[in-house]
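Trainee: sharing a model that was predicted from the sequence below.
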Amino acid sequence: MHKHLAVRLAVATASAMIGFTAVSATAEAATPPLSDPHIVAHFDRPNGQVAESVIVEPDGSADVGLILSRQVAHVSLDGRVEVLATMPLPADGGVNTPSVGVASVTGIERGEDGTLYFLYSAGDRHLTGLWKLPPGGEPTRIAALPAASFANGLARDNSTGNFYITDSTRGKVWQVRPHGGTATVWAEGPGLSPTHFFGANGVKVHNGAVWVSNIDHGTILRIPLTGRGTAGTPQVRASGLDSVDDFAFTGRGDQLLAALNIPSKVVLITPGRPDRTVLDQSDGLQNTTAVAVDEDTVYVSSGALTTGGDANLLTARLDRR
């Protein structure tokens, strides 16, 4: 991987804790409402295992998308990393992947039956899109996206089963029906567009809306779901977030935790209050890419794409009081 490509991609990227017994590092600085941070798994960064996304299994283990190695992997409760699937390279080796020139596995979601859904961008119309991976099975594409798209964040609406996909290069949010099929543009506009590299990035469905981060703008938008399921008028709910990547809600209204990639931080954003850093490099974060919340446990992935250090998965305890 050439250094200049790594730098470009880094700008884009963007209770179970007791069960993790392979603790390899104890962090030092978590700020309430987070406490007891631990690095529970390390990925093979020299071989391209750049952690980009994380989803939590019912037993508290985790599944991750690994960008440069084009892999979907499972992290067991004892910290072991098992590769579940490796995506094929396109004929050009991935050099035509929009903006980054590297075929990339990004966002990940999970269905009730254990099927994993993930995004693959390869600059190839036969490969780019939404894929599914059933337990013990092989990956198959269920919805195509244009080769010019960099599909980045993935969210599933539990009430409808619909998927929402951020397109970082084209500044759009795509919608895909529960069983796949044709992807349709659900939202687009200046708030989702890039200014110099990547726009729409992380995405979550929460409180009657689709929430989207924009890494170039440093913002998080709330886009209401109308009664017909169409996109309402976007509202900026957070700003001034340096290279904001993924985010997750804490379970306290619209309060959320956001991953800031280049600063290697997680910040707590509470409506009406100043933002607060709750995890940082002293806790082991290196190019923070994704956040997931499962009851009282927070999961944070680090890609280490520009730091060249430790790509890892960290957990911390969340005080809900």
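Mentor: Yes, it's here.
Trainee: can you give me the strands for the stretch 151-300 of the chain?
Mentor: With DSSP state E, counting those that start in this stretch, the ranges of strands along the stretch 151-300 of the chain come out as 151-156, 163-167, 172-176, 184-188, 200-206, 209-214, 219-224, 235-238, 244-249, 256-260, 265-269, 276-279, 288-294, 297-302.
Trainee: could you dump those strands into CSV with mean neighbour count and mean pLDDT added?
Mentor: Yep, even glycine has a C-beta here, placed from its N, CA and C like the rest. CSV is the format used below for those (neighbours: other Cβ atoms under 10 Å; pLDDT from 0 to 100):
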stretch, mean neighbour count, mean pLDDT
strand 151-156, 26, 98
strand 163-167, 28, 98
strand 172-176, 24, 98
strand 184-188, 16, 98
strand 200-206, 25, 98
strand 209-214, 25, 98
strand 219-224, 21, 98
strand 235-238, 15, 98
strand 244-249, 26, 98
strand 256-260, 25, 98
strand 265-269, 22, 98
strand 276-279, 19, 98
strand 288-294, 26, 98
strand 297-302, 27, 98
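Trainee: can I get those in TSV with distance to Arg70?
Mentor: Compiled in TSV, the strands of the stretch 151-300 of the chain are given as follows (distance: least, Cβ to Cβ, whole Å):
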stretch	distance to Arg70
strand 151-156	13
strand 163-167	18
strand 172-176	21
strand 184-188	26
strand 200-206	19
strand 209-214	23
strand 219-224	28
strand 235-238	31
strand 244-249	19
strand 256-260	21
strand 265-269	26
strand 276-279	28
strand 288-294	16
strand 297-302	16
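Trainee: looking at those strands, which is closest to Leu68?
Mentor: strand 288-294 (12.3 Å; Cβ to Cβ).
Trainee: contacts for that closest one?
Mentor: Contact with strand 288-294 is made by 13-14, 16, 51-56, 60, 62, 202, 245-251, 257-261, 263-266, 279, 298-303, 318, as judged by Cβ atoms under 8 Å, 6 or more residues apart in numbering.
Trainee: which one, of the strands of the stretch 151-300 of the chain, ends up nearest to Ala73?
Mentor: Judged by Cβ to Cβ, the one of the strands of the stretch 151-300 of the chain that comes nearest to Ala73 is strand 297-302, at 10.9 Å.
Trainee: mind listing what that closest one pairs with, with the direction of each?
Mentor: strand 288-294 (antiparallel), strand 312-318 (antiparallel) (DSSP bridges).
Trainee: could you tell me the angle between that strand and strand 265-269?
Mentor: Interaxial angle of strand 297-302 relative to strand 265-269 (axes from the mean of the first three to the mean of the last three Cα atoms, to 10 degrees): 140 degrees.
Trainee: contacts for strand 297-302?
Mentor: For strand 297-302, the external contacting residues (Cβ under 8 Å, 6+ apart) are 15-17, 34, 51-54, 56, 60, 62, 64, 248, 257, 259, 264, 266, 279, 284-293, 310-318.
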